[in-house]
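Q: coords please:
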Amino acid sequence: MRSAYLKIALAKIAIVVSSVIAFAGTSEVVTIKPYGQDDQRYRYAQILLEMSLEKAGQTARVRQLDTELSRDRLLQELIDGEIIHVTAEAPKPGWEENLLTIRIPIRKGIQGHRLFLINKRDQPAISQVETLEDLLAFPTGSGAQWSTRRVMENAGFQVVTAPEYKTLFDMLKLGRFTTFSRGLNEIFQEQAVFSKTNPNLVVEETLCLFIPLPTYFFVSPKHPELARQIETGLRQMISDGSFDKHFLDFHGDDIARAKLEGRKIFSIANPNLSPLTPLDDKSLWLDPRNLRGNASDSDS
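A: Presented below is the predicted three-dimensional model:
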């Protein structure tokens, strides 16, 4: 009997030790692989992840997964926690319930300020939009498994979907839909890249669609210590100002370039948000229209 108890105790010790080794020292933290060489959406988050771990006193190397995962498979692999440990995504049904959610909006909500990629020929028609109902008349594009698909369908948009990121730009070029909403953190870089194959691809000039939309770090429930270290590092970065500096280094120019003060802004609800979304914590959000004021004082 004593031998059996001893084996159980040793097994528990081994689990604790392996958990410490997994995310301390020089070991690896594995995150998502971008969807093609033109996909730069995850660069900001990966650097922020590295910075947060360093701030928390960790030296783990952040490595991208070798293969691309669909959003649905990504959720399952994160639950399993074997081939991938953490990713940065907007909340979707099933994610906050099944994963460890660090409820710090890592882009301060600016991806919820959506501009539209369009073909240049459609600008005159879109410039006539005066109401949200007018905007709903234009078919719009979305990834089949994106959180914003549900949001826009719920608001009454006719959403045309594709399973792959790059395919959506090809479909827009072919006129399969008229508008393609992108966050302020995405749209100008994407226009520069994909206009090489579609010279008529432009950023629409007159509109902005606002969706309350955080991006969180989601961590596998198999790795609670990793989640604790990431949150510790992020909060230290917020406290010492390095979080806002990283944010503005990446996104400040795009926020200014969007010229939101001259756009019609329409707001729609986000049914993906849980009651735990920290909407009342002003320090975590940015209103890009007040960027010249205080970057930490906002209301999204």
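Q: output stretch 55-64 as CSV, restricted to C-alpha atoms.
A: The C-alpha coordinates for stretch 55-64 follow below in CSV (Å, rounded to 0.1, in the frame of the first residue of the first chain):
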residue,chain,number,x,y,z
LYS,A,55,8.9,40.9,-18.8
ALA,A,56,7.6,38.0,-16.6
GLY,A,57,11.2,36.7,-16.3
GLN,A,58,10.9,33.9,-18.8
THR,A,59,13.3,33.0,-21.7
ALA,A,60,11.1,30.6,-23.6
ARG,A,61,11.4,30.9,-27.4
VAL,A,62,8.2,31.5,-29.3
ARG,A,63,8.0,29.3,-32.4
GLN,A,64,5.3,29.3,-35.1
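Q: list the buried ones in it?
A: Applying a neighbour-count criterion of 16 or more other CB atoms under 10 Å, the buried positions in stretch 55-64 are Lys55, Ala56, Gln58, Ala60, Val62. C-beta here means a position set from N, CA and C on the backbone, and glycine is covered the same way.
Q: list phi and psi for the first one.
A: Listed backbone geometry of Lys55 is phi -60, psi -30, with angles given as degrees, to the nearest 10.
Q: next one: the second one
A: Its backbone dihedrals place Ala56 at phi -80, psi 0, with angles given as degrees, to the nearest 10.
Q: quick one: it and Gln229 touch, right?
A: Yes - look at Ala56 against Gln229 with CB atoms under 8 Å: they come within range, at 4.4 Å.
Q: picking that back up, which one of the buried residues of stretch 55-64 sits closest to Lys166?
A: Val62 (24.3 Å; CB to CB).
Q: which ones are touching that closest one?
A: Applying CB atoms under 8 Å, 6 or more residues apart in numbering to Val62 gives the contacts Glu28, Val29, Val30, Thr31, Gln46, Leu49, Glu50, Leu53.
Q: do you know the pLDDT at it?
A: Listed pLDDT for Val62 reads 92.
Q: dump the buried residues of stretch 55-64 to CSV, plus distance to Thr87.
A: What follows is these, written out as CSV (distance: CB to CB, whole Å):
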residue, distance to Thr87
Lys55, 20
Ala56, 18
Gln58, 18
Ala60, 16
Val62, 11
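Q: Leu284: which of these is nearest?
A: Lys55 (16.9 Å).
Q: three-state assignment of the nearest residue to the closest one once chain neighbours are set aside?
A: Residue nearest to Lys55 in three dimensions, not counting chain neighbours: Gly233, with 3.9 Å by CB to CB, 6 or more residues apart in numbering. Here Gly233 is recorded as helix under DSSP: H, G, I helix; E, B strand; the rest coil.
Q: mind checking how far Gly233 is from Glu153?
A: Gly233 sits 36 Å away from Glu153, going by CB to CB, to the nearest Å.
Q: look at those two and report which has more neighbours.
A: Under the neighbour definition other CB atoms under 10 Å, Gly233 and Glu153 were set side by side, and Gly233 has more, 23 against 15.
Q: quick check: phi and psi at the nearest residue to Asp72 once chain neighbours are set aside.
A: Distances taken as CB to CB, 6+ apart put Gln145 closest to Asp72, at 5.7 Å, once the chain neighbours are dropped. Per-residue torsions, Gln145: phi -110, psi 20 (degrees, to the nearest 10).
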